[in-house]
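Asks: structure for this input, please:
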Amino acid sequence: MALIETVDLWKTYVMGSEEIHALRGVTISIERGEYVAIMGPSGSGKSTLMNLIGCLDTPSKGSYLLNGKQVSQMNDNELARIRNEEIGFVFQTFNLLPRATALRNVELPLVYAGVSAKDRQERARQALEKVELGARMGHRPNELSGGQRQRVAIARALVNNPSILLADEPTGNLDSKTGQEIMTLFERLHKAGNTILLITHEADVASFAYRAIHLRDGQVENDVRRAA
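Replies: Next up, the predicted model:
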């Protein structure tokens, strides 16, 4: 069974008297353990597809199965639970709490999941070790470099052992050397068995993935795999 399965997925926005079709019948299947880049120019529908796969939005039409669960029909509470348990988000802007330490930032998804304080700390510590930030657990975001902040964000995304790591332009706010280090980290996480979905418009970032799905005008233009 595929981890992500979309069939004839549409997303239509109504702007006044006009209908905008952000996605027009997207059908894709992604297996557990894959490393996939979703690419396309601005307006191609890649952010819309990311929001649907990440359960931040629901499709206008079509079906989306995540881990065998029919997501397209879920209510807001069910979607929130799926987001917390199944998906680890990594954003371009890090989205960290400025006054909280790295450890506390990483713990947050576990607070929502109702995990006990002792377990939370242990799991957050392990996640920070995975991204080589064990020595920076007590630091706040303003005491960390951009690359270190993104590592904290990645640790936070990993802490719930999600089915998918969903990274939206994860190197967008970083210089090229730091961006390279973050992509090397993703490569390591993929080799450790994580399923990674990367949203990017940059070919050099997408080249780290083993499969690239190109969108144009809300449709899949091509779907290319490279040898592992």
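
Asks: any idea how far the most centrally placed residue in the chain is from residue 139?
Replies: The centroid of the chain falls nearest to residue 166 when counting by C-alpha atoms, centre = their mean (1.1 Å). Distance from residue 166 to residue 139, counting by C-beta to C-beta, to the nearest Å: 25 Å. For glycine as for every other residue, the C-beta is placed from the backbone atoms N, C-alpha and C.

Asks: ok, now residue 93?
Replies: 19 Å.

Asks: more neighbours: which of those two?
Replies: Shown here are residue 93 and residue 139; by other C-beta atoms under 10 Å, residue 139 has more neighbours (16 against 12).

Asks: phi, psi of the more buried one?
Replies: Backbone torsions of residue 139, given as degrees, to the nearest 10, read phi -80, psi 150.

Asks: now it, nearest residue through space, not along the chain?
Replies: Nearest residue to residue 139 in three dimensions, chain neighbours excluded: residue 102, at 5.5 Å (C-beta to C-beta, 6 or more residues apart in numbering).

Asks: just checking, the one you found touches residue 152?
Replies: Yes - using C-beta atoms under 8 Å, residue 102 is in contact with residue 152, at 4.7 Å.

Asks: pull up the overlap in contacts between the two.
Replies: Taking C-beta atoms under 8 Å, 6 or more residues apart in numbering as the criterion, residue 102 and residue 152 both touch 128, 133, 136, 141, 144.

Asks: count the residues that sit near the third one.
Replies: A total of 19 residues lie near residue 136 under the criterion other C-beta under 10 Å.

Asks: so it touches residue 149, yeah?
Replies: No - if you go by C-beta under 8 Å, residue 136 and residue 149 don't touch, sitting 10.1 Å apart.

Asks: circling back: and the residue nearest to residue 139, what pLDDT?
Replies: The confidence metric pLDDT takes the value 97 at residue 102.

Asks: tell me which two in the shared contacts of residue 102 and residue 152 are the farthest apart.
Replies: The span of those, defined through C-beta to C-beta, is set by 128 and 141 at 13.5 Å.

Asks: show me which of the two is the more surrounded one.
Replies: Each of residue 128 and residue 141 has its neighbours counted (other C-beta under 10 Å); residue 128 has more, 25 against 19.
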